[in-house]
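>>> just the structure for this:
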Amino acid sequence: MRGYFGIGVERLSKPMNVGNLFRSAQAFGAGFLFAVQGSYSKSKAYSDTSQSTHQLPFFEYDTVVEMKLPDHCQLVGIELIDGAVELPTFKHPVQAAYVLGPEKGNLSAEMLDRCGHVIKIPTSFCINVATAGAIVMYDRVVSFGRFGQRATFSRNAGEPSSPRARGAEIPPPKVTQWGATA
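The predicted structure follows:
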C-alpha cells in the first residue's frame, strides 16, 4: 500500500479501548501510534495482546500544541459532528494520522482546529472508540485498492469481476484431457 498512516487518541481514559485500538492498528499496518493528554498505561492495556506499543513507534504528548507529526502528514479527526465528511465519501490522504476523542466526549476544539479533515462514520449514535478506529482503518485499506472490485451479487462473492457485459454469451467450461472442467 502506498503512503503510511498512524492512529492516536486524545484524552482517552480506558486502557482496554486503547489497547484494542492499537492492536487493530498494528494488524491494519499502521506506521505509528500516539496519545495526547491521555492516561494510557501499557501495563493495563490487557487487550493489546500483540504489544503494539513495543512493535511500532509510540508517541505521547501532554498537550495538543506539543503534538508533532511527520512532514506532509495530514491530521484526520474522527468525530460524529455536524459538518464532518461521511466516511464512505472520504478520500484518504496518502500520508495521514487519524485521531479519536475520549469515550465520553468529543475531540477538543484545539484538536479539531489542527485537523485538516474531520470525518464521521454514518451511524445514528456514537460507537466504541476502538470499533470506530478499526472501521476507519479498514476503509483506508479497501480505499487504496489492494483488492478487486466487490461482487454485485452474493453468488459472485469471491470471484474476480468479469469484463463481459450483461446478457453476453457465456463461454463453455474448459475441459481437460481427463474430462474434468477447469
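>>> which residues touch Y4?
31-32, 95-96 (CB atoms under 8 Å, 6 or more residues apart in numbering). Any C-beta I mention is one placed from the backbone N, CA and C, and that applies to glycine too.
>>> S24 too?
Remark: with contacts taken as CB under 8 Å, 6+ apart, S24 is in contact with 130, 133-134, 137.
>>> okay, those residues in JSON lines with distance to A25 next?
Compiled in JSON lines, the contacts of S24 are given as follows (distance: CB to CB, whole Å):
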{"residue": "A130", "distance to A25": "10"}
{"residue": "G133", "distance to A25": "7"}
{"residue": "A134", "distance to A25": "8"}
{"residue": "M137", "distance to A25": "6"}
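>>> turn those residues into TSV, including secondary structure and distance to G105.
Output for the contacts of S24, formatted as TSV (DSSP: H, G, I helix; E, B strand; the rest coil; distance: CB to CB, whole Å):
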residue	secondary structure	distance to G105
A130	helix	16
G133	helix	16
A134	helix	20
M137	helix	22
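>>> mind putting those in JSON lines, distance to R150 and pLDDT included?
Compiled in JSON lines, the contacts of S24 are given as follows (distance: CB to CB, whole Å; pLDDT from 0 to 100):
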{"residue": "A130", "distance to R150": "25", "pLDDT": "93"}
{"residue": "G133", "distance to R150": "23", "pLDDT": "97"}
{"residue": "A134", "distance to R150": "19", "pLDDT": "98"}
{"residue": "M137", "distance to R150": "18", "pLDDT": "97"}
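>>> show me where the protein has strands.
Using DSSP state E, the strands found in the chain span residues 4-10, 32-36, 58-61, 74-78, 85-86, 95-100, 117-120.
>>> with distance to G19 and mean pLDDT as extra columns, can I get those in JSON lines?
What follows is these, written out as JSON lines (distance: least, CB to CB, whole Å; pLDDT from 0 to 100):
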{"stretch": "strand 4-10", "distance to G19": "11", "mean pLDDT": "96"}
{"stretch": "strand 32-36", "distance to G19": "11", "mean pLDDT": "94"}
{"stretch": "strand 58-61", "distance to G19": "12", "mean pLDDT": "92"}
{"stretch": "strand 74-78", "distance to G19": "18", "mean pLDDT": "98"}
{"stretch": "strand 85-86", "distance to G19": "28", "mean pLDDT": "98"}
{"stretch": "strand 95-100", "distance to G19": "14", "mean pLDDT": "98"}
{"stretch": "strand 117-120", "distance to G19": "23", "mean pLDDT": "98"}
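>>> tell me who's in contact with G3.
Residues in contact with G3, defined by CB under 8 Å, 6+ apart, are 93-96, 144.
>>> I am finished for the moment; much appreciated.
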